[in-house]
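Undergrad: Model the following, please.
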Amino acid sequence: MEELSLFSVPRPHIYTVSELTEAIRQILETEFPFVWVEGEISNSRCPLSGHFYFTLKDDKAQISAILFKNQRRLLHFEPEDGLKVICQGRITVYPPHGNYRLVVEYLEPKGYGALQLAFEQLKKKLSKEGLFDQAIKKPLPVLPRRIAVITSPVGAAIRDFLRILFKKSQNIHVFIYPVRVQGEGAAKEIAQAIFDLNRLGWAELIVLTRGGGSLEDLWAFNEEIVARAIHASHIPIISAIGHEVDFTISDMVADIRAATPTAAAEMIGKKQEEFGIFLEDIYKRMIQTFKKQLETSKLHIEHFLNRLRRPQLITYRLRLDELTQTLLRLQQHAQERRYTILKNLMERLLLCHPKRQLQKYSEIFSQKEKEIILRYKHLLSRKKQTLREMEQRLNALSPLNVLKRGYALAFSFPEKRLIKSVNQVNLGEKMLIKLADGEIRAKTEEKYDTSF
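TA: Numbers count the residues shown, from 1 in each chain. Model (predicted):
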């Protein structure tokens with residue numbers, strides 16, 4: 001038996017499915033803790049959890065991948081099917097499905113900068129919504145007096161802007177709303193500044209500006225929150241971001257785009273110069289018109305003076321005086337007629353006054369009330385008299401009154417039927433005799449018929 005045990009084959013280890021999956025997961029996570037993978041996104045979906053599930057593939061293979069919500073928030077662009085990307089992540093196994101997948105930590109488009117792709121995607125989205133349409137652009141005020149500038153208070157842009165603006169313009173009040181113009185949180189500050197200025201309503205014009213920089217530096221002005229705030233602004237906005245070659249989403253949404261902060265100041269100053277020229281032209285034309293009217297009036301006055309010097313003017317004056325007296329008399333007669341008509345109308349109106357009408361109807365009501373009471377008393381008296389007469393008649397016919405004269409009525413007992421004949425009573429039967437002051441119970445002992 002000992003010899004046989006030396007040559008027996010050892011039994012292999014048998015894994016459970018969970019053990020085997022866990023072993024594979026440990027191997028994969030150990031061998032591929034940090035990998036870069038290049039491929040094309042397909043079958044992407046983003047459920048309510050916010051996680052981005054997709055398949056990363058090339059022409060020969062594919063692998064499931066997931067970009068969790070927290071990492072997805074850091075992207076400046078929206079990953080979509082067909083987009084070639086480079087992913088950084090780790091390989092792991094999902095035991096419930098028994099497959100392996102790539103957990104993506106970083107994602108960038110291949111051959112295309114992430115910011116540039118985000119810029120193009122947002123540009124396409126806002127263009128489709130009509131935020132760039134020229135038809136919705138608000139005109140700049142003709143002569144703005146109160147200007148709000150959203151920018152960094154320590155940058156070169158604000159210094160250049162103010163230098164040119166005060167050189168070109170006069171009587172302009174400027175309010176600087178300080179914000180961060182780059183870095184994390186800058187976009188929210190800019191959007192909040194636009195909202196606050198619209199709520200205050202002080203500014204007639206808003207200038208959104210900063211100096212030049214890289215795409216990353218200017219990125220706050222390419223954020224959707226800033227574009228939405230500019231679009232919602234009721235106050236016209238000039239966007240002057242960066243240099244001539246820089247073109248941001250804010251420039252496209254704003255009502256006017258200035259190539260530089262200096263260009264924005266010159267644009268505002270130019271409008272004031274144009275308005276000044278316009279006013280000067282108007283003033284000159286008004287002076288010329290006034291001079292012509294003055295010359296014409298002088299000619300008319302000279303003409304009338306010449307006519308006043310003529311002899312027949314005395315006759316006209318006498319005629320005028322006569323006509324004036326006639327006109328005054330006619331006016332007086334007309335006033336007297338109107339006064340008489342008005343007086344008659346007032347008297348008629350007083351007759352129809354509600355108080356007088358009320359007094360009239362009150363008197364009528366009082367008279368009617370007296371008549372009704374009098375008639376009621378007469379009717380009541382007649383009814384009482386009739387009632388007394390009927391009472392007397394009834395008393396005269398009442399059997400009780402007959403009884404008072406000494407008569408009596410006999411009734412059978414206990415039936416209480418009136419006994420009108422001796423034949424209705426038998427000997428020994430009881431009867432009830434009713435007198436004027438009471439009743440008597442009696443018993444028939446004898447009876448006599450006296451009718452014959």
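Undergrad: buried ones in stretch 131-151?
TA: Within stretch 131-151, the residues scored as buried using 16 or more other Cβ atoms under 10 Å are 131-132, 140-141, 143-144, 147-151. Yep, even glycine has a C-beta here, placed from its N, CA and C like the rest.
Undergrad: Please list the members of those that lie in strands.
TA: Among these, the ones falling in strands (DSSP state E) are 147-151.
Undergrad: I'd like the buried residues of stretch 131-151 as TSV, with distance to Trp202 appended.
TA: Listed next are the buried residues of stretch 131-151 as TSV, based on distance: Cβ to Cβ, whole Å:
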residue	distance to Trp202
Leu131	25
Phe132	28
Leu140	17
Pro141	13
Leu143	16
Pro144	12
Ile147	10
Ala148	7
Val149	13
Ile150	13
Thr151	17
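Undergrad: and which of the residues you listed is nearest Leu48?
TA: Leu131 (27.8 Å; Cβ to Cβ).
Undergrad: is it true that that closest one touches Asp255?
TA: No - applying Cβ atoms under 8 Å as the test, Leu131 and Asp255 come out as separate, 11.6 Å apart.
Undergrad: where along this protein do the strands fall?
TA: Listed in chain order, the strands of the chain (DSSP E) span 35-45, 52-57, 62-67, 84-94, 99-109, 146-151, 173-178, 205-210, 237-241, 256-257, 409-412, 430-435, 438-443.
Undergrad: The second one pairs with which strands?
TA: Read that as strand 52-57. Here strand 52-57 has these sheet partners by DSSP bridges: strand 35-45 (antiparallel), strand 62-67 (antiparallel).
Undergrad: Please apply the same query to the fifth one.
TA: Each strand paired with strand 99-109, and its direction, by DSSP bridges: strand 62-67 (parallel), strand 84-94 (antiparallel).
Undergrad: Going by neighbour count, list what's buried in that strand.
TA: For strand 99-109, a neighbour-count test (16+ other Cβ under 10 Å) marks 100-104, 107-109 as buried.
Undergrad: ok, now the fourth one?
TA: By neighbour count on 16+ other Cβ under 10 Å, the buried set for strand 84-94 is 85, 87, 89, 91-93.
Undergrad: related to what we said a few turns ago, would you format the buried residues of strand 99-109 as JSON lines with pLDDT and distance to Ala259 included?
TA: As requested, the buried residues of strand 99-109 are exported to JSON lines (pLDDT from 0 to 100; distance: Cβ to Cβ, whole Å):
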{"residue": "Tyr100", "pLDDT": "89", "distance to Ala259": "53"}
{"residue": "Arg101", "pLDDT": "89", "distance to Ala259": "49"}
{"residue": "Leu102", "pLDDT": "91", "distance to Ala259": "45"}
{"residue": "Val103", "pLDDT": "91", "distance to Ala259": "46"}
{"residue": "Val104", "pLDDT": "92", "distance to Ala259": "40"}
{"residue": "Leu107", "pLDDT": "87", "distance to Ala259": "35"}
{"residue": "Glu108", "pLDDT": "85", "distance to Ala259": "31"}
{"residue": "Pro109", "pLDDT": "83", "distance to Ala259": "29"}
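Undergrad: Nearest to Ala186 among those residues?
TA: Glu108 (22.1 Å).
Undergrad: Quickly list what the closest one is bridged to.
TA: Beta-bridge partners for Glu108, by DSSP bridges, are Ile86.
Undergrad: Surely it touches Ile86?
TA: Yes - contact criterion Cβ under 8 Å: Glu108 and Ile86 qualify, at 5.6 Å.
Undergrad: With Ile282 as the reference, measure out to Val425.
TA: Between Val425 and Ile282 the computed distance is 143 Å (Cβ to Cβ, to the nearest Å).
Undergrad: who's more crowded, the two?
TA: Neighbours per residue (other Cβ atoms under 10 Å) separate Val425 from Ile282, with Val425 holding more: 15 against 10.
Undergrad: Show the contacting residues for that one.
TA: 410, 412, 419, 431, 444, 447 (Cβ atoms under 8 Å, 6 or more residues apart in numbering).
Undergrad: between those, which is closest to Leu205?
TA: Using Cβ to Cβ, these come closest to Leu205 at Ser412, 127.4 Å.
Undergrad: can you pull out the helices in the protein?
TA: Counting by DSSP state H, the segments of the chain that form helices are 2-6, 17-31, 69-72, 114-129, 156-168, 186-200, 224-232, 249-253, 261-308, 313-351, 354-397, 399-404.
Undergrad: Please identify the deepest-packed of these.
TA: helix 249-253 (a mean of 23; mean count of other Cβ atoms under 10 Å).
Undergrad: helices or strands next to that one in the packing?
TA: Other helices and strands packing on helix 249-253, by 3 or more Cβ pairs under 8 Å, 6 or more residues apart in numbering; DSSP states H and E, are helix 114-129, helix 224-232, strand 237-241.
Undergrad: if we look at it, which residues are touching it?
TA: Helix 249-253 has contacts (Cβ under 8 Å, 6+ apart) with 119, 122-123, 126, 131-132, 208, 221-224, 226-227, 230-231, 239, 241, 257.
Undergrad: pull the helix or strand with minimum mean pLDDT from the protein.
TA: Across the helices and strands of the chain, mean pLDDT, DSSP states H and E gives its lowest value to helix 2-6, namely a mean of 46.
Undergrad: Listing request: residues of this protein with sub-threshold pLDDT.
TA: In the predicted model of the chain, residues 1-10, 111-113, 307-314, 451-452 satisfy pLDDT under 70.
Undergrad: so how far is Asn395 from the nearest residue to Ala254 once chain neighbours are set aside?
TA: Excluding the flanking residues, the one nearest Ala254 by Cβ to Cβ, 6 or more residues apart in numbering is Ser239, at 3.5 Å. Relative to Asn395, Ser239 is positioned 121 Å away (criterion: Cβ to Cβ).
Undergrad: now swap in Lys137 and tell me
TA: Distance from Lys137 to Asn395, by Cβ to Cβ: 116 Å.
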